[in-house]
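[1] Predicted coordinates and the sequence they were generated for:
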Number of protein chains: 2
Amino acid sequence: MNEEFINDLSKNLGRVKANTMADDVEVKLRQYLKKMSLKPGDPLPKETDLAEALGVSRNVVREALSRLRMLGMIETRKRKGAVLASPDILLAFERVLDPLLIDDITLRDIFELRLVLEMGLADLLYARMTEGDIDELEKIANSEINKDKSFLVKNEIAFHGKLYEMTGNSTLKRFQIMLLPIFAYVITLVNKPYSGKVDHRGLVDILKNGTKEDFKKGMYEHLKPHFDRLK
Amino acid sequence: MNEEFINDLSKNLGRVKANTMADDVEVKLRQYLKKMSLKPGDPLPKETDLAEALGVSRNVVREALSRLRMLGMIETRKRKGAVLASPDILLAFERVLDPLLIDDITLRDIFELRLVLEMGLADLLYARMTEGDIDELEKIANSEINKDKSFLVKNEIAFHGKLYEMTGNSTLKRFQIMLLPIFAYVITLVNKPYSGKVDHRGLVDILKNGTKEDFKKGMYEHLKPHFDRLK
DNA sequence: TTTGCTATTATGTACTACAAATATAGTAAG
DNA sequence: CTTACTATATTTGTAGTACATAATAGCAAA
């Protein structure tokens, strides 16, 4: 069969995709929001007016609005109509970040992104961390002695989450929360217990006594076993 | 006025948000995709069947499908129906990454994320870069002598893009492309010419002769002036 | 000033109808 | 056996109508 060939061809050529009207309207609405420089809370025209102005049916307008609503760009209330919301950057990401739907290569790429990110945290951590932060981290790390596996996973999340939190960068923190399902999935890939060269208490020690560069090395060793599980 | 009181109350209680049927159907469809563990290319039931099975109108089903289509999770063709696509993680991100719609704090956070990321690139670069890569980088860096500003912006993008490309991590590369509008916007915030302590040729020199740690320091100095523009 | 009722209005949902595209089958030609 | 053409069936895409539902604004009543 030449099925693979076709598949390959299709990938190289890219598919011809006839835009639907909903696609066009979506774009036009985005342009409208920008052009009018609306602030959060400002109202949009009602659906029937939009439909008439754009020369499409209300159905089409509703599809486009439905998309924007899903992304948190607008909110709609009965009788009042649609209003611009405070757009939430990461909401969209969460919608597609399902590990089961992501191919292995991308999964590996994303995990590598985490590796880069968490090693990079060092620079922010050493600039911003407080005594209280360290204490809290240490408490988390110490609580994981002789616990079962499901607890360890939760603790893993708590520990790394705290690290992100310490950066004071809330977008970074939310980015991590978003990526959590991916990492949780990676952990389940193999059922032998996790055992990196450097554990959480090791990382805390480094934060207390070591250098930035030590921390990066430590984090690399800490995450490496996970990474190796991905083929 | 008791306006503050109301505002406070609203924040503590959270807003009631009545889910529309399209929201529910969207969730159900996602669950369906997972449950059936469909592979890219596998077909979905046709709209009328979905509508009947879910007990909703075809309109509602179409709204939900429209959302999934926007995110690149499915593709639909006339007569054939909808099929699961290779979901594109970053497509969703692009939909909300409009610098004009992002508030200043998030903008700053994202730029910081870039900073962390590009400093972290060092670890991948030193492991994977080739002679050819360095040559190409050098060519880009050398081409920017005595050029006007719009050229410099393009070159800035080319140079950093090449760095991401050298990591061999295509998700990382696309992540950068996605964030470009943000950085381009940041550059336009101030019109005095860009002048970091370390320029592109400096970075190339470091890659040729310096250490990982040198590169991180260099990248920090290179990006710092941009960062400082954000308030 | 607060509460209760009522009319109004925009969104939410359902349904019907048809246009447009295209996979499939079938047939003929080379 | 491959290619070309044709016809048919089927599914998405768009339009339009109708009504349910919820929220607003205004007025009435306490």
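    Ah, there it is. Numbering: from 1, shown residues only, chains lettered A, B, ... in the order given.
[2] Might you list the low-confidence residue ranges for chain A?
    A:1-17, A:86-102, A:145-150, A:178, A:181, A:186-196, A:229-231 (pLDDT under 70).
[3] Show me which residues of it sit near DNA strand C.
    Proximity of chain A to DNA strand C is confined to A:18, A:44, A:46-48, A:58-59, A:62, A:65, A:76-82 under the rule CB under 7 Å from any atom of the strand. All C-beta atoms are positioned from the backbone trio N, CA, C, and that covers glycine.
[4] Kindly identify which of these also come near DNA strand D.
    Of the residues of chain A next to DNA strand C, the ones that also sit near DNA strand D (CB under 7 Å from any atom of the strand) are A:58, A:59, A:77, A:78, A:79, A:80.
[5] Same list, those, but as CSV with secondary structure, neighbour count and distance to residue A:134 please.
    Shown next, in CSV, are those (DSSP: H, G, I helix; E, B strand; the rest coil; neighbours: other CB atoms under 10 Å in any protein chain shown; distance: CB to CB, whole Å):
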residue, secondary structure, neighbour count, distance to residue A:134
A:58, helix, 15, 58
A:59, helix, 14, 57
A:77, strand, 11, 46
A:78, coil, 6, 51
A:79, coil, 5, 53
A:80, coil, 10, 49
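[6] Filter those to keep only those in contact with chain B.
    residue A:59 (CB under 8 Å from any CB of the partner chain).
[7] In contact with residue A:54, which residues?
    Contacts for residue A:54 were tallied using CB atoms under 8 Å, 6 or more residues apart in numbering or on different chains; they are A:25, A:28, A:60, A:61.
[8] In chain A, where's the longest helix?
    Ranked by residue count under DSSP state H, the longest helix found in chain A is helix A:104-128.
[9] got the buried residues for that one?
    By neighbour count on 16 or more other CB atoms under 10 Å in any protein chain shown, the buried set for helix A:104-128 is A:106-125.
[10] gap between it and the chain center?
    From the chain centre to the centre of helix A:104-128 is a distance of 12 Å (CA atoms, centre = their mean, to the nearest Å).
[11] restrict the contacts of residue A:54 to those near DNA strand D?
    residue A:60.
[12] Show the buried residues in the contacts of residue A:54.
    Among the contacts of residue A:54, those classed as buried by 16+ other CB under 10 Å are A:25, A:28, A:60, A:61.
[13] so which helix or strand takes in the first one?
    Remark: residue A:25 resides in helix A:21-35, with elements defined by DSSP states H and E.
[14] Mind listing what's buried along that helix?
    Here helix A:21-35 shows A:21, A:22, A:23, A:25, A:26, A:28, A:29, A:30, A:32, A:33 as buried, counting by 16+ other CB under 10 Å.
[15] just these now: which is nearest residue A:221?
    residue A:30 (44.9 Å; CB to CB).
[16] Tell me the buried residues in stretch A:39-46?
    In stretch A:39-46, counting by 16+ other CB under 10 Å, buried: residue A:44.
[17] That one and chain B, any residue contact?
    No. Using CB under 8 Å from any CB, we find that stretch A:39-46 stays clear of chain B, coming within 9.2 Å at best.
[18] got it, and stretch A:26-33?
    Yes. Residues of stretch A:26-33 contacting chain B under CB under 8 Å from any CB: A:26, A:30, A:33.
[19] how much space between the second one and residue B:70?
    Translated: residue A:30. For residue A:30, the distance to residue B:70 equals 12 Å [CB to CB, to the nearest Å].
[20] same deal with the last one?
    Computed with CB to CB, the distance linking residue A:33 and residue B:70 is 16 Å.
[21] for the first one, same thing?
    Between residue A:26 and residue B:70 the computed distance is 7 Å (CB to CB).
[22] Common neighbours of those two, please.
    Overlap of the contact sets of residue A:26 and residue B:70 (by CB under 8 Å, 6+ apart) consists of residue A:67.
[23] give the contact list for residue A:159.
    So residue A:159 contacts A:137, A:140, A:141, A:200, A:203 (CB under 8 Å, 6+ apart).
[24] My error: substitute residue A:160 in the last question.
    A:118, A:176 are the contacts of residue A:160 under CB under 8 Å, 6+ apart.
[25] make it 10 Å
    A:114, A:118, A:121, A:140, A:176, A:180, A:183, A:200, A:203, A:219, A:222, A:223 (CB atoms under 10 Å, 6 or more residues apart in numbering or on different chains).
[26] Surely the third one touches residue A:216?
    Spelled out, that is residue A:121. Yes. Using CB atoms under 10 Å, residue A:121 makes contact with residue A:216 at a distance of 8.9 Å.
[27] Overlap of the contact sets of the two?
    residue B:120.
[28] Mind giving me the packing neighbours of the longest helix of chain A?
    Secondary-structure packing of helix A:104-128 (3 or more CB pairs under 10 Å, 6 or more residues apart in numbering or on different chains; DSSP states H and E): helix A:149-166, helix A:170-188, helix A:200-209, helix A:212-229, helix B:89-96, helix B:104-128, helix B:170-188, helix B:212-229.
[29] give me that answer again for 8 Å
    Using 3 or more CB pairs under 8 Å, 6 or more residues apart in numbering or on different chains; DSSP states H and E, the elements in contact with helix A:104-128 are helix A:149-166, helix A:170-188, helix A:212-229, helix B:104-128, helix B:170-188.
[30] any idea how far the third one is from the chain center?
    For helix A:212-229, the separation from the chain centroid amounts to 21 Å (computed by CA atoms, centre = their mean).
[31] Wasn't residue A:144 part of a helix?
    No. The assignment for residue A:144, made by DSSP: H, G, I helix; E, B strand; the rest coil, is coil rather than a helix.
[32] Spell out which residues make up each domain of chain A.
    Per automatic domain parsing, the domain ranges recorded for chain A read A:3-87, A:92-229.
[33] Let me know which of the ones you listed is tucked in deepest.
    Mean neighbour count (mean count of other CB atoms under 10 Å in any protein chain shown) peaks for domain A:92-229 among the domains of chain A, with a mean of 17.
[34] Residue numbers of chain A in contact with DNA strand D?
    A:20-22, A:55-60, A:77-80.
[35] Max pairwise distance over those residues: which two?
    A:20 and A:79 (29.1 Å).
[36] Next one: the nearest residue to residue A:214 once chain neighbours are set aside from residue A:163, what distance?
    Nearest residue to residue A:214 in three dimensions, chain neighbours excluded: residue A:206, at 5.0 Å (CB to CB, 6 or more residues apart in numbering or on different chains). Distance, residue A:206 to residue A:163, by CB to CB: 12 Å.
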